[in-house]
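Novice: this one's sequence-less:
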């Protein structure tokens with residue numbers, strides 16, 4: 001087989017992987033079967049406020065620490081989607097999908113530059129099938145933007161570690177600082193742990209230390225961090241460093257909701273890190289196969305005393321270990337999203353092992369990689385078949401859109417009233433959809449007071465039945481008559497009319 005034909009075959013195979021990647025993510029997005037809750041509604045309303053009313057803000061969504069916030073960049077990402085898609089709520093999910101598609105292409109390009117062609121297909125297909133990377137590609141929240149920043153950090157540190165001299169060292173140091181800052185701004189808890197971990201590693205590894213601690217590199221690194229933190233710094237100046245004081249007080253006197261013995265903390269974090277790793281793979285068999293082959297490659301690298309490859313592998317392994325150790329100092333509940341994107345660090349360890357097979361063992365390495373690729377292809381067929389034959393989902397954004405659409409069909413351009421009950425009390429989800437319909441020109445935004453003695457009631461299900469019943473009794477007059485009643489999935493929709501006085 002000549003080289004041109006081989007390249008054509010590999011190119012076709014890679015396009016098929018991209019097609020699989022897109023299908024598994026675009027199907028739920030286009031069907032609007034994506035998570036759409038209080039948080040998504042709140043964030044989209046904030047984006048609309050920024051675009052429509054030019055209300056700039058310097059701080060983002062709340063964190064688990066009262067008075068401390070995530071960075072504001074997520075709101076501006078949502079604002080970009082608002083402009084690009086004219087307010088369509090599906091737009092933010094499409095923008096996130098595109099971000100993760102670019103992340104996949106970044107990994108493929110990185111491996112191509114290293115001339116690791118078989119690895120391109122292995123890791124591209126793994127990411128395409130990964131339950132974690134599928135879910136994170138169709139979820140809209142501040143934390144989903146942290147993983148691409150982690151990936152950027154992994155790539156820049158790899159270049160800094162492997163290139164003996166580089167005229168662009170200062171630029172790479174600046175990008176490293178920028179990526180670290182953005183990880184912190186998109187998932188604040190991760191930033192608290194990852195920045196000190198990186199600083200420690202930059203001191204430990206000579207090849208990184210000699211590049212990072214030049215004057216130009218330090219200045220660029222600080223500039224990168226500063227750029228990511230500019231809105232937060234402005235917010236702190238405006239508010240007398242209120243967040244900083246709260247955060248310092250939290251470290252000095254942490255308020256613990258569920259303190260645990262140290263041995264339980266170690267056990268919980270161990271289980272969590274195993275969960276992070278397991279999430280990457282489409283099934284347990286693939287995970288065990290990948291793990292076994294990775295240890296085989298590690299053995300071969302150690303046996304052949306490849307110090308450069310061991311340095312790279314150990315860097316990412318120690319990086320992950322430091323994050324684990326730092327997490328042990330937090331004695332309360334440690335939620336999985338605190339380390340959103342750490343999966344890319346696990347992948348980087350594995351990629352480094354796969355790329356490091358000694359030339360003397362190239363044949364056995366190719367055979368093992370071929371077995372993994374074949375296993376992934378079989379898994380891909382199974383996952384694709386399940387996705388094609390799965391029933392149309394009845395949850396998420398599609399439900400709220402249908403509810404609003406039912407009212408839209410009946411009211412046209414008339415003035416009307418809508419009262420909404422959702423378990424979080426504040427109905428941001430519906431508020432945004434009514435705003436979007438108003439922007440489209442299809443439907444005026446509803447009133448909250450009865451109009452001509454009529455009002456629509458949207459009442460969602462609630463596990464706390466008494467809370468729901470109390471709201472109904474407090475908002476629907478006892479003498480009101482339900483003129484229309486129907487249910488969309490688990491949402492009840494009523495048109496009530498009050499008798500004329």
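Specialist: On my side now, so go ahead. In this text the structure is predicted, and so the values were computed from the model without any measurement. Residues are numbered from 1 along each chain as shown.

Novice: Run a quick neighbour tally on residue 501.
Specialist: 4 (other C-beta atoms under 10 Å). The way it works is simple: take the backbone N, C-alpha and C, and place the C-beta from them, glycine included.

Novice: same thing with residue 243?
Specialist: 19.

Novice: Identify the spatial nearest neighbour of it, chain neighbours not counted.
Specialist: Leaving aside its sequence neighbours, residue 243 sits nearest to residue 68 (C-beta to C-beta, 6 or more residues apart in numbering; 5.4 Å).

Novice: need the contact list for the one you found.
Specialist: 62, 188, 243, 246-247, 250 (C-beta atoms under 8 Å, 6 or more residues apart in numbering).

Novice: 6 Å - rerun?
Specialist: 243, 246-247 (C-beta atoms under 6 Å, 6 or more residues apart in numbering).

Novice: now do residue 393
Specialist: Shown in contact with residue 393 (C-beta under 6 Å, 6+ apart): residue 33.

Novice: pLDDT score assigned to it?
Specialist: pLDDT, residue 393: 73.

Novice: In a helix, it, correct?
Specialist: No. Applying DSSP: H, G, I helix; E, B strand; the rest coil, one finds residue 393 to be coil, outside a helix.

Novice: Check what contacts the lowest-mean-pLDDT helix or strand in the chain and list those residues.
Specialist: Within the chain, confidence by mean pLDDT, DSSP states H and E is lowest for helix 242-252 among all helices and strands, at a mean of 85. Applying C-beta under 6 Å, 6+ apart, the external contacts of helix 242-252 come out as 65, 67-68, 236.

Novice: Give me the packing partners of the helix or strand that it is followed by, helices and strands only.
Specialist: Proceeding N to C from helix 242-252, the next assigned helix or strand is helix 262-279, under DSSP states H and E. When contacts are defined as 3 or more C-beta pairs under 6 Å, 6 or more residues apart in numbering; DSSP states H and E, helix 262-279 packs onto helix 342-355.

Novice: Give me the next element, helix or strand, following the helix it packs on.
Specialist: Sequence order places helix 362-389 as the next helix or strand after helix 342-355, per DSSP H and E.

Novice: Can you show me the helices along the stretch 151-300 of the chain?
Specialist: With helices called from DSSP state H, counting those that start in this stretch, the stretch 151-300 of the chain shows them at 169-186, 188-204, 206-212, 215-238, 242-252, 262-279, 284-303.

Novice: distance of residue 457 from residue 443?
Specialist: Using C-beta to C-beta, to the nearest Å, we find residue 457 at a distance of 17 Å from residue 443.

Novice: same deal with residue 169?
Specialist: Distance, residue 169 to residue 443, by C-beta to C-beta: 56 Å.

Novice: Neighbour count: those two, which is higher?
Specialist: Neighbour tally, residue 169 and residue 443, criterion other C-beta under 10 Å: the higher count belongs to residue 443, 22 against 19.

Novice: Wait, a helix at that one?
Specialist: No. Residue 443 is assigned coil when assessed by three-state DSSP, not a helix.

Novice: so what pLDDT did it get?
Specialist: Looking at residue 443, its pLDDT reads 74.

Novice: just how off-centre is the least confident helix or strand of the chain within its chain?
Specialist: Computed by C-alpha atoms, centre = their mean, to the nearest Å, the chain-centroid distance of helix 242-252 equals 26 Å.

Novice: quick revisit: between the contacts of residue 68, which is nearest residue 327?
Specialist: residue 247 (17.3 Å; C-beta to C-beta).

Novice: Need the phi and psi values for the residue nearest to residue 243.
Specialist: Here is the backbone geometry of residue 68 (degrees, to the nearest 10): phi -110, psi 140.

Novice: Please report how far it lies from residue 97.
Specialist: Distance, residue 68 to residue 97, using C-beta to C-beta: 30 Å.

Novice: and if you look at residue 262?
Specialist: As judged by C-beta to C-beta, residue 262 and residue 97 stand 41 Å apart.

Novice: More neighbours: the two, which one.
Specialist: Neighbours were counted for residue 262 and for residue 97 using other C-beta under 10 Å; residue 97 has more, 19 against 9.

Novice: I'd assumed residue 25 was in contact with that one.
Specialist: Yes. Contact criterion C-beta atoms under 6 Å: residue 97 and residue 25 qualify, at 5.2 Å.

Novice: what touches both of those two?
Specialist: Jointly contacting residue 97 and residue 25 under the rule C-beta under 6 Å, 6+ apart are residue 137.

Novice: Quick one, grab the pLDDT at residue 72.
Specialist: Listed pLDDT for residue 72 reads 96.

Novice: Quick check: phi and psi on it?
Specialist: According to degrees, to the nearest 10, residue 72 has phi -80, psi -10.

Novice: Let me see the contact set for the residue most central in space within the chain.
Specialist: The centroid of the chain falls nearest to residue 144 when counting by C-alpha atoms, centre = their mean (1.6 Å). Taking C-beta under 6 Å, 6+ apart as the criterion, residue 144 is in contact with 96, 136.

Novice: What is the three-state secondary structure of it?
Specialist: Residue 144 is classified as helix under three-state DSSP.

Novice: how near is residue 360 to residue 136?
Specialist: Applying C-beta to C-beta, the value for residue 360 to residue 136 is 39 Å.

Novice: more neighbours, these two?
Specialist: Using other C-beta under 10 Å, the more surrounded residue of residue 360 and residue 136 is residue 136, with 25 against 11.

Novice: Now the one helix or strand that one maps to: buried residues?
Specialist: Using DSSP H and E, residue 136 falls within helix 131-137. Residues of helix 131-137 classed as buried: 132-134, 136-137 (neighbour count, 16 or more other C-beta atoms under 10 Å).

Novice: need the contact list for residue 337.
Specialist: Residue 337 neighbours (C-beta under 6 Å, 6+ apart): residue 143.

Novice: just checking, residue 91 touches residue 85?
Specialist: Yes. With contact defined as C-beta under 6 Å, residue 91 counts as touching residue 85 (2.7 Å).

Novice: Those two - which one has more neighbours?
Specialist: Neighbours per residue (other C-beta under 10 Å) separate residue 91 from residue 85, with residue 91 holding more: 22 against 16.

Novice: In which helix or strand does that one reside?
Specialist: helix 90-113.
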